[in-house]
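*Asks:* Sharing a sequence plus its predicted fold:
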Amino acid sequence: MNKELDFVKDMFDRIAPKYDFLNRLLSMRQDIVWRTHMVKAANLQKNSRVLDVACGTCDVALEVNTQLMGCSRIFGLDFSFGMLRLGKQKLINQDKKNIILLNADALNLPFQHHIFDAVFIAFGIRNIMDRQRAINSFFKVLNNGGRLAVLELTTPEKGVFRSLYLLYFQKILPIIGSFFSKHNNAYTYLPESVLKFPTPVEFSKIMKKAGFEGIRFKQMTFGIVTLFIGSKP
């Protein structure tokens, strides 16, 4: 494991206790709306087999479960024990036995090829340095006709809103985040990683190179979040 990956893993382990709270606070609860839209866009059928990569505290997995009314088999995967521990507690509290959690990373998926109907990754692909390899691995574990849904923070392209957003994102958010999480670097890393993330068009090319077709993206909330959808032919 390289030093950069070690840093990210340690960061998520440490901020895990305040992760959900800060997501709601810093997004003004829009993160719930974004995830709901993401799952709907995948157009899942009942009894689907679903993989949630970088599942964190299981918000996406639980949303899938809700939309399919429990008629699904969901695997949540994350490299952070801290996140998985909190996710597991949520599943116990809500008595969700059809969601299975695994400690693993996106570059080494512990699954055979052609077994999932959908793969989701929300706010996680930005933290993976070798994105092409990760997207390639998602493609391999999908059934033919399966869908990949990627939800990621992005940067508004231009205008006054971009300037206001960057002021909030680079100056105000790190102060709020570090105050509540007690981790000085995590919410400095966040804006830096978002600003380095490819444009929607560039990221769509990564998906296309992996073999996905029918790729489309939708920018939400003035472009601060982008949802990508692609299908395996």
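*Replies:* Alright, I've got the coordinates.
*Asks:* pLDDT at residue 186, what is it?
*Replies:* Residue 186 carries a pLDDT value of 66.
*Asks:* Please work out how many residues are found near residue 198.
*Replies:* By the criterion of other CB atoms under 10 Å, residue 198 has 15 neighbours. No exception for glycine: its C-beta is placed from N, CA and C like everyone else's.
*Asks:* ok, it touching residue 226?
*Replies:* No: in this structure residue 198 lies outside contact range of residue 226 using CB atoms under 8 Å: 10.2 Å.
*Asks:* helix, strand or coil for residue 105?
*Replies:* Residue 105 falls in the coil class when you classify it by DSSP: H, G, I helix; E, B strand; the rest coil.
*Asks:* What ranges does this structure have for its helices?
*Replies:* 3-27, 30-41, 59-67, 81-93, 131-141, 160-167, 173-181, 186-196, 200-210 (DSSP state H).
*Asks:* pLDDT (mean, whole number) over stretch 100-111?
*Replies:* Mean pLDDT, stretch 100-111: 95.
*Asks:* Output that stretch as PDB, restricted to C-alpha atoms.
*Replies:* These are the backbone C-alpha positions of stretch 100-111, laid out as PDB (Å, rounded to 0.1, in the frame of the first residue of the first chain):
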ATOM      1  CA  ILE A 100     -23.100  -7.800   3.300                       C
ATOM      2  CA  LEU A 101     -20.000  -5.700   4.100                       C
ATOM      3  CA  LEU A 102     -16.400  -6.400   3.000                       C
ATOM      4  CA  ASN A 103     -13.100  -4.800   3.800                       C
ATOM      5  CA  ALA A 104     -11.400  -4.500   0.400                       C
ATOM      6  CA  ASP A 105     -10.400  -1.900  -2.100                       C
ATOM      7  CA  ALA A 106     -11.700  -1.000  -5.600                       C
ATOM      8  CA  LEU A 107      -8.500  -2.000  -7.400                       C
ATOM      9  CA  ASN A 108      -8.700  -5.600  -6.000                       C
ATOM     10  CA  LEU A 109     -12.400  -6.600  -6.000                       C
ATOM     11  CA  PRO A 110     -12.900 -10.000  -4.400                       C
ATOM     12  CA  PHE A 111     -15.500 -11.100  -6.900                       C
END
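*Asks:* Any buried residues in it, and which?
*Replies:* For stretch 100-111, burial by neighbour count (16 or more other CB atoms under 10 Å) applies to 101, 105, 106, 109.
*Asks:* got it, and stretch 150-159?
*Replies:* When neighbours are counted by 16+ other CB under 10 Å, the buried residues of stretch 150-159 are found to be 150, 151, 152, 153, 154, 155, 156.
*Asks:* so where's the chain uncertain?
*Replies:* Across the chain, the stretches falling below the confidence threshold (pLDDT under 70) are 1-5, 181-184, 186.
*Asks:* can you name the farthest residue from the center of it?
*Replies:* Going by CA atoms, centre = their mean, the residue of the chain most distant from its centre is residue 160, 27.6 Å out.
*Asks:* how close does residue 232 get to residue 72?
*Replies:* According to CB to CB, to the nearest Å, residue 232 and residue 72 sit 18 Å apart.
*Asks:* actually residue 85, sorry about that
*Replies:* For residue 85, the distance to residue 72 (CB to CB) stands at 23 Å.
*Asks:* okay, the two: which has more neighbours?
*Replies:* When residue 85 and residue 72 are compared on other CB under 10 Å, the one with more neighbours turns out to be residue 72, at 21 against 14.
*Asks:* any idea how far residue 57 is from the nearest residue to that one once chain neighbours are set aside?
*Replies:* Nearest in space to residue 72, with sequence neighbours left out and distances taken as CB to CB, 6 or more residues apart in numbering, is residue 48 at 5.1 Å. Per CB to CB, residue 48 is found 22 Å from residue 57.
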